[in-house]
Structures are given as structure tokens and as C-alpha cells.
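In: sequence and predicted model, in that order:
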Amino acid sequence: MSALEKSPREAAPLITLGGVSQVFDTAAGPIRAVDDIELSINPGEVLCLVGESGSGKTTAARMAAGLARPSSGQVSFGGTDIWSMKRAEFGTFRRSVQYVHQDPYASLNPTRTIQQTITAPLLKHGVVKSKKEAAEKAVELLTKVDLTPAANYLPKFPHQLSGGQRQRVAVARALTLDPKLIIADESTSMLDVSIRISVLAMLGRLRDDLGVGFLFITHDLAIAKYFGWRGKTAVMYLGRIVEFGPTPKIINAPTHPYTRALIDAIPEPDPDLTKTKGRESLRSLEIPSLANLPAGCSFHPRCPQFEDGLCDGKVPQLVEIRSGQSAACHVVARDGVPEVHGAPKARSGGPGA
Ligand SMILES: Nc1ncnc2c1ncn2[C@@H]1O[C@H](COP(=O)(O)OP(=O)(O)OP(=O)(O)O)[C@@H](O)[C@H]1O
């Protein structure tokens, strides 16, 4: 069984990305923004996708949402390839998977009031039977995202709201069609810290109360820790998944040198994260271009564990390093994790758990 396969007793995945790649033609030549990734999200599960800017998180998420077609590989919803679905089935899939963008200002129609923004999908898809019922449902949804009293917000336009309030409206709109999965793409990264925390807390409540699954995209492992503690985390680097596992293991006992470097880079004095810090310096801070990737492991020019002839040969595949935790690293697969990052530390919960 490969590292990412589920045992038969686990729930059938809601969404699966099977060997999915996305190639873009650019002025510098073709680039593989996402290269052969395997991911699955079970109903009600939180999967955090973490990596630096340009690692392919948004491209992967757009494919998971059916907003972009993979160059190769398969995206399945409930076991069916979404690109072989009939129109009606594809419509059901699109309603079940809602995307919340980083910048709600760009995704909310500036000419529509909040009431129009929320009621339009309700009426269009027949979730409600009348405008009156739609207005009642809009109040209910705004209340769910803590925009209260809702009546104050309904007549407003997006430009009359703060960034945090706009993001809450975007989440309320995502909830209109009772989704099974919300893809939150850096949804809090443009917000001030205190507002970010309150929006994250609201999303956490929805996660717990509604049982909706999340594909949660962030460049910040500290946020993945907060939001996805009871879920899983996949770490991406230059289009590939380099580490995957339960979030507490990724945070407390990272195995891939890149994950450890990400943890080292977190400026916050988080005691859990600090405990895991590797005190290894990268050989280079420069991220290679996707148009001209180094041979073998694309992290090798930066990796403190680089071995000549091993790391610059073949591309490493994800293999299980510890139970449920896999990494794509030749050295770790051969030698295990260096002493300083040894055994997982005992922990029972995280701040977002
Ligand atoms: N439509 C496109 N055409 C050409 N290149 C693209 C396109 N979309 C994304 N890319 C490139 O693909 C790579 C991955 O981009 P992507 O947005 O998926 O990364 P990301 O990890 O989400 O980064 P960020 O956090 O900055 O959005 C980048 O090099 C980006 O420039």
C-alpha cells in the first residue's frame, strides 16, 4: 500500500487528485506548476496545503475545485472523474466544492449589495422558493459568520465593509449551497493579525459545527497548525508534495529537510514550533525557477543534507518514513530523520483543535 492510500475501513474520499499535473506555457518555456501529485480529502476532513509562494498550491486547488483542467492525471469526486461527468453531475460537484479566495474584494461583485450577493445563488439553484425565504436564509448565513445584527449588513456594498467583514461575506456566500468542501485559499493572509485570528476562529467553528471539509491553503505552517491540527498537512515545493502526514506530526516531528526549513523560518516564538527547529542552515536561499529545475530532487541546491550523486540523480518519490507520515527525500528514506528532529514529541492538542 502506498503512503497515501487509505485502509478499507476509512471513509471513501470526497475528492481525489490522482497523479495530477498542470503544465503552463510561459515565455521562459513550459513549466510544471504541479507535478504528479496524489491527494485525497475525506468527508469532513481538513487538509492543509502548505508551501512558499509559487509552490503550486493555488494551481492544485483550482484543479481540485474543477476550475482548471489538469494537463494529466485525474480529479475524482465521489469516485467519478469530474472531467468525464455529464453537465448536471458536474454542476452538483461544483456546488459541493466552494472556493474562498485570498482577496474577497476581487471576488465579490462591487455593484451588488450583500443581500443580493447571498440571495442570488439561493434563488438561482432553487435552495429557497421565494425572495422572502432567501432574505431569511441570508440573515441566517450572515449570523453564522458572525456578521450581526445581519440586517445592518444586508443593504451594504462590499466597499462599505472592512476586509475581515468582506471575507466573512465570501464565506457566507460559499455556504449558500451547503457545500461538502470549502477550499480556503490564503483566505486570511490579507487580514490584520487580530482580524485574521477571529476569521480563523469562525472558520474553525464552521469546520466543527457543520462537518464541512476544508482544503486549507497557506504559506504559513503556524496557521496550518492552528486550523488543521486534527487534520492532515501536505507540504509542497516547486510543484511536488515533499511531505505528507497528520498535522501534529508535520509540526512536531517533520522529516523532510524543506519542512524543517519552513519551521525554522517561522518568526513567532511558538514553543512547539521552536522545539522542532532544526538549527540547520540552507545552502542557498534562492528558489530555482520552475522553467529550469535542478536534476533529481529540486530542493537539493538548498538542502543541508545534500549528497552528491544521490540527491542530484533521480527525483525522490514520497515514501512512508513513520506511520502515516511520508516524505520525498533520498537521504531521509535511507537514513531516517537526523537526531535533532528525532521521535515525535508527546502532544495531545493544538490551539485550533
Ligand atoms: N495561468 C498561468 N500561466 C502561467 N504560469 C502560471 C499560471 N498560473 C500559475 N502559474 C505559475 O505556476 C507556479 C505556481 O503558481 P501557484 O499560484 O499555483 O503557486 P502558489 O503556491 O499558490 O503561490 P502563491 O501563494 O504565490 O499564489 C508559479 O510559478 C506561477 O507563476
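Out: Structure's in. What do you need? Numbering: from 1, shown residues only.

In: enumerate the residues of the stretch 101-250 of the chain near the ligand.
Out: Residues of the stretch 101-250 of the chain lying close to the ligand (CB under 6 Å from any ligand atom) are His219. The way it works is simple: take the backbone N, C-alpha and C, and place the C-beta from them, glycine included.

In: do a quick rundown of the helices in the stretch 101-250 of the chain.
Out: Taking DSSP state H, counting those that start in this stretch, the helices of the stretch 101-250 of the chain run over residues 104-107, 114-124, 131-144, 150-153, 163-175, 193-210, 221-228, 247-252.

In: can you put the ones you listed in a markdown table and add mean neighbour count, mean pLDDT and distance to Ile41?
Out: Shown next, in a markdown table, are the helices of the stretch 101-250 of the chain (neighbours: other CB atoms under 10 Å; pLDDT from 0 to 100; distance: least, CB to CB, whole Å):
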| stretch | mean neighbour count | mean pLDDT | distance to Ile41 |
| --- | --- | --- | --- |
| helix 104-107 | 16 | 74 | 22 |
| helix 114-124 | 20 | 95 | 23 |
| helix 131-144 | 17 | 94 | 22 |
| helix 150-153 | 17 | 95 | 31 |
| helix 163-175 | 23 | 92 | 16 |
| helix 193-210 | 16 | 86 | 13 |
| helix 221-228 | 25 | 91 | 12 |
| helix 247-252 | 25 | 94 | 14 |
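
In: with distance to Leu293 added, can I get the ones you listed in CSV?
Out: Output for the helices of the stretch 101-250 of the chain, formatted as CSV (distance: least, CB to CB, whole Å):
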stretch, distance to Leu293
helix 104-107, 31
helix 114-124, 41
helix 131-144, 44
helix 150-153, 47
helix 163-175, 35
helix 193-210, 33
helix 221-228, 24
helix 247-252, 24
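
In: using the three-state scheme, assign Phe299.
Out: Assigned with DSSP: H, G, I helix; E, B strand; the rest coil, Phe299 falls in the coil class.

In: what's around it, how many residues?
Out: Phe299 has 26 neighbours, counted by other CB atoms under 10 Å.

In: do you know how far the nearest residue to it once chain neighbours are set aside is from Val235?
Out: Distances taken as CB to CB, 6 or more residues apart in numbering put Tyr258 closest to Phe299, at 5.1 Å, once the chain neighbours are dropped. Separation of Tyr258 from Val235 (CB to CB, to the nearest Å) stands at 7 Å.

In: between these two, what contacts are shared?
Out: Here Tyr258 and Val235 have Val242, Glu243 as joint contacts, going by CB atoms under 8 Å, 6 or more residues apart in numbering.

In: distance of the residue of the stretch 101-250 of the chain found nearest the ligand relative to Lys57?
Out: Across the stretch 101-250 of the chain, the shortest distance to the ligand (CB to the nearest ligand atom) belongs to His219, at 5.6 Å. Taking CB to CB as the measure, His219 falls 8 Å from Lys57.

In: so who does Val242 touch?
Out: Val242 sits next to Val235, Met236, His256, Tyr258, Thr259, Phe299, Leu318, Ala327, Ala328, Cys329 when contact means CB under 8 Å, 6+ apart.

In: is it true that Pro110 touches Pro158?
Out: Yes. Contact criterion CB atoms under 8 Å: Pro110 and Pro158 qualify, at 5.5 Å.

In: check which element follows the helix or strand of the chain with the lowest mean pLDDT along the chain.
Out: In the chain, no helix or strand scores lower on mean pLDDT, DSSP states H and E than helix 271-276, which sits at a mean of 55. On the C-terminal side of helix 271-276, the nearest following helix or strand under DSSP states H and E is strand 319-322.

In: out of the helices of the stretch 101-250 of the chain, which gets nearest to Thr80?
Out: Thr80 lies closest, by CB to CB, to one member of the helices of the stretch 101-250 of the chain: helix 163-175, at 22.6 Å.

In: the closest one relative to helix 193-210, how many degrees between them?
Out: Helix 163-175 and helix 193-210 are oriented at 20 degrees to each other (axes from the mean of the first three to the mean of the last three CA atoms, to 10 degrees).

In: okay, the angle between the helix or strand that contains the residue nearest to Phe299 and helix 221-228?
Out: Assigned by DSSP H and E, Tyr258 falls within helix 257-264. For helix 257-264 against helix 221-228, the angle by the same axes, to 10 degrees is 90 degrees.

In: who does helix 257-264 touch, helix- and strand-wise?
Out: Packing partners of helix 257-264 (3 or more CB pairs under 8 Å, 6 or more residues apart in numbering; DSSP states H and E): helix 221-228, strand 232-237, strand 240-246, helix 271-276.

In: who does Val50 bridge with?
Out: Judged by DSSP bridges, the bridge partners of Val50 are Thr218, Val235.

In: number of nearby residues for it?
Out: Residues contacting Val50 under the criterion other CB under 10 Å number 26.

In: any idea how far it is from the ligand?
Out: Going from Val50 to the ligand by CB to the nearest ligand atom, to the nearest Å gives 9 Å.

In: can you pull the contacts of that residue?
Out: Counted by CB under 8 Å, 6+ apart, Val50 has contacts Lys57, Ile217, Thr218, His219, Asp220, Leu221, Ala224, Thr233, Ala234, Val235, Met236, Leu262.
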